[in-house]
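> When you get a sec, could you give me coordinates for this:
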Amino acid sequence: MSTTIVLADTDVISEFVKKTADAHVMQWLQSVELMAISTITLEEAHCGLAWQPNTRKLALFNALVEQLHAVYPITPTVAQRAGAMRGQFQA
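Residues are numbered from 1 along each chain as shown. Here you go, the predicted model:
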């Protein structure tokens, strides 16, 4: 039987570092066996932590990244499709 890898976005990852995380998200995350993020999520998290520095959150985030299954690169094709989809949702 194969294991599903969950590709988490920045909103999901941010729950790990909040003082009071959303209980529903944390409950769902307990069922996740393997989690990965994209390089975009990595960049967004570091941007946020540079904008509003917080050593506790940075340490928690770095520890989380070390435990992830993978940090996936984003190809130009994926970035173009994601940008188009994001633009459609904001319209």
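> Can you give me the neighbour number for Pro76?
Summarising burial for Pro76: neighbours were counted as other Cβ atoms under 10 Å, giving 7. In this view, the C-beta of every residue, glycine as well, is placed from N, C-alpha and C.
> Give me the phi and psi for it.
The main-chain torsion angles of Pro76 are listed as degrees, to the nearest 10 and equal phi -60, psi -40.
> Ile37 now?
Main-chain dihedrals, Ile37, degrees, to the nearest 10: phi -130, psi 170.
> Looks like it contacts Ala8 (just checking).
Yes. Contact between Ile37 and Ala8 holds when scored by Cβ atoms under 8 Å: they sit 5.5 Å apart.
> The residue lying closest to Val32 once chain neighbours are set aside: neighbour count?
Counting by Cβ to Cβ, 6 or more residues apart in numbering, the nearest residue to Val32 once its immediate chain neighbours are dropped is Val6, at 4.9 Å. Here the count is done by other Cβ under 10 Å, and Val6 has 15 residues near it.
> Confirm that Val6 lies within a helix, as I assumed.
No. Secondary structure assignment (DSSP: H, G, I helix; E, B strand; the rest coil) places Val6 in strand, not in a helix.
> Run through the bridge partners of it.
With DSSP bridges applied, the residues forming beta bridges to Val6 are Met35.
> State the distance from it to Asn62.
According to Cβ to Cβ, to the nearest Å, Val6 stands 20 Å off from Asn62.
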